[in-house]
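Colleague: Here is the input, now give the coordinates:
(2 chains)
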Amino acid sequence: QKEVEQNSGPLSVPEGAIASLNCTYSDRGSQSFFWYRQYSGKSPELIMSIYSNGDKEDGRFTAQLNKASQYVSLLIRDSQPSDSATYLCAWPSGSRLTFGEGTQLTVNP
Amino acid sequence: EAQVTQNPRYLITVTGKKLTVTCSQNMNHEYMSWYRQDPGLGLRQIYYSMNVEVTDKGDVPEGYKVSRKEKRNFPLILESPSPNQTSLYFCASSLSGNNEQFFGPGTRLTVL
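Modeller: Predicted coordinates:
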């Protein structure tokens, strides 16, 4: 089983819709999770960190962590074309971060 | 401004010609790491360093060397580059290996 699995993409949503991105992980001991956004040819940019069960909101972004079910999700409300990017989840594993393969999101005007 | 810088940003070279990609951070981070990213393969860790003079292999270390003589710098060395090392390279830093990492802008390397 992969350490981290992201929902298969690509994901396409219309402008103004809610985009939902998911990650499942195998290590029950993980205490924190990170979401990165990566535009094509650019470096990953940290957009959300979540450390405890429940929801964390930051503007149009909401991260949800469910440790019992071992998944973390990112909701993007009122999606904009500028949100079109690849989204990577990551979590600490030993002395490093493990990254998911990413979900490519396209927001159509 | 807190940042990770990499140089050069773009490099075209030939097989066998030694090169160094520099990485520097100004956040006093203990942990630094190098990744390569290739289409369909995601981010793969090459080497990482948990502190000065402490480095360790990541997932794809073959053909690469690193050093960490100062806290702020973590250069990536390709002693004899080959075409299969053509890739997009990222340096990243964090407080520790368990914290969120901050990435440099990337170096696009082409080896002919």
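
Colleague: C-alpha from now on. contacts and neighbour counts both.
Modeller: Fine.

Colleague: Quickly check: stretch B:6-16 near chain A or not.
Modeller: No. For stretch B:6-16 and chain A, the contact criterion (CA under 8 Å from any CA of the partner chain) is not met; the two come no nearer than 11.1 Å.

Colleague: Report the mean per-residue pLDDT for that stretch.
Modeller: Averaging the model's pLDDT scores along stretch B:6-16 yields 97.

Colleague: got the end-to-end distance for that stretch?
Modeller: 22 Å (CA to CA, to the nearest Å).

Colleague: Flag every buried residue along it.
Modeller: Going by neighbour count (16 or more other CA atoms under 10 Å in any protein chain shown), the buried part of stretch B:6-16 is B:Gln6, B:Asn7, B:Arg9, B:Thr13.

Colleague: Widest-spaced pair of the residues you listed?
Modeller: B:Gln6 and B:Thr13 (17.1 Å; CA to CA).

Colleague: need the contact list for residue 60.
Modeller: Looking at chain A here, since you left the chain open. A:Leu75, A:Ile76, A:Arg77, A:Asp78 (CA atoms under 8 Å, 6 or more residues apart in numbering or on different chains).

Colleague: that's the wrong chain, I meant chain B
Modeller: Under the criterion of CA under 8 Å, 6+ apart, the contact partners of B:Val60 comprise B:Arg44, B:Gln45, B:Ile46, B:Tyr47.

Colleague: same deal with B:Pro83?
Modeller: With contact set as CA under 8 Å, 6+ apart, B:Pro83 has these partners: B:Thr15, B:Thr110, B:Val111, B:Leu112.

Colleague: and stretch A:17-32, average pLDDT?
Modeller: In this model, stretch A:17-32 carries a mean pLDDT of 85.

Colleague: cool, and stretch A:79-87?
Modeller: The average pLDDT for stretch A:79-87 rounds to 97.

Colleague: again, but for stretch B:93-100
Modeller: 91.

Colleague: Not counting its own residues, what contacts that stretch?
Modeller: A:34, A:46, A:49, A:91-97, B:4, B:25, B:28-33, B:50, B:101-103.

Colleague: Could you rerun that using 7 Å?
Modeller: A:34, A:92, A:95-97, B:29-33, B:50, B:101-103 (CA atoms under 7 Å, 6 or more residues apart in numbering or on different chains).

Colleague: which one of those residues has the most neighbours?
Modeller: Note: the member of the contacts of stretch B:93-100 with the most neighbours is B:Met32, at 32 neighbours, neighbours being other CA atoms under 10 Å in any protein chain shown.

Colleague: wait, doesn't that residue sit right on B:Ile46?
Modeller: No. Between B:Met32 and B:Ile46 there is no contact, the gap being 11.1 Å when judged by CA atoms under 7 Å.
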